[in-house]
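Asks: model this:
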Amino acid sequence: MRERKVKPRVAAVLALLALLPTSALPQTGFQIVWVVVGEASTSNRSDPPRAGRRLFDGGELASMSLKNVRVTSVEVAPVVSEIRVGDEWCLSSLRMHAFGPQREPIPAAPLSVSVRQDHREHIGLQHAPKDICLRPVKAGEYSVRLTSLLPAPDGSMRGAQVFLRVAEQ
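Replies: As a prediction, this is how the structure comes out:
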């Protein structure tokens, strides 16, 4: 096998890179922080989904847990919504459903609602009496997470994520 020679210029660049302090290299310490901003409830047979600051108390969650209610999946539609800066978008516009281990629907399943901390100042978060709404002030794509407050059979918490695409006026 023939040995390859490194060109002098390439060797010089590699030597200079090796001498750079690690602080000059890009940092990878960025972390996404999710902040809970309220709760939501999946639709039941007669009522649409609800959302608000606090919909469930500890007693309701304990009661569902004692009944061994388990959420294995959360489905939300539409997954992507598109609006313009200044328009209002509310969680009640979504179709939210939770399902148990046998794919049985779980009516009025409790969900936590989270947004990214670095998006919070741009989304114009508003709490209406029975809803959580966003009125973005800046164009971009913003995500909202809906996570079950009831565990799956394996103990994990299942959820769904929706995306709000916001365009300039």
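Asks: Find the residue at the geometric middle of the protein.
Replies: A centroid search over the chain (CA atoms, centre = their mean) returns residue 145, at 2.6 Å, as the residue closest to the centre.
Asks: where does that one land in three-state SS?
Replies: strand (DSSP: H, G, I helix; E, B strand; the rest coil).
Asks: Hmm, it is touching residue 157, no?
Replies: No - if you go by CB atoms under 8 Å, residue 145 and residue 157 don't touch, sitting 10.6 Å apart. In short, each C-beta sits where N, CA and C put it, glycine included.
Asks: Other residues contacting stretch 162-169?
Replies: 76, 78-86, 89, 94, 123, 134, 136, 138-144, 146 (CB atoms under 8 Å, 6 or more residues apart in numbering).
Asks: at 10 Å instead, please
Replies: 76-87, 89, 91, 94, 96, 115, 119, 122-124, 134-146 (CB atoms under 10 Å, 6 or more residues apart in numbering).
Asks: Now, those residues that are in strands?
Replies: 76-77, 80-84, 89, 96, 115, 134, 140-146 (DSSP state E).
Asks: Put the buried members of those residues into a ChimeraX selection.
Replies: To isolate the buried ones among the ones in strands among the contacts of stretch 162-169 in ChimeraX, judged by 16 or more other CB atoms under 10 Å, type:
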select :76,81,89,96,115,134,142,144,145,146
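Asks: could you check the distance from the residue lying closest to residue 148 once chain neighbours are set aside over to residue 152?
Replies: Distances taken as CB to CB, 6 or more residues apart in numbering place residue 71 nearest to residue 148, at 4.0 Å, with adjacent residues excluded. From residue 71 across to residue 152, the span is 6 Å (CB to CB, to the nearest Å).
Asks: what residues are up against the residue nearest to the centre of the chain?
Replies: Counting by CB under 10 Å, 6+ apart, residue 145 makes contact with 34, 36, 74, 76, 111-116, 159-162.
Asks: Which neighbours do residue 71 and residue 152 have in common?
Replies: 100, 101, 158.
Asks: circling back to that earlier point, could you tell me which residues touch both of residue 145 and residue 157?
Replies: What both residue 145 and residue 157 touch, as defined by CB under 10 Å, 6+ apart, is the set 74, 111, 112.
Asks: All the helices of the chain, residue numbers only.
Replies: 8-19, 58-66, 120-123 (DSSP state H).
Asks: Least reliable of the ones you listed by average pLDDT, please.
Replies: Mean pLDDT is lowest for helix 8-19 among the helices of the chain, at a mean of 64.
Asks: rewinding a little: quick check on the contacts of residue 145: which are buried?
Replies: 74, 76, 111, 112, 113, 114, 115, 116, 159, 160, 162.
Asks: I appreciate the help and will end here.
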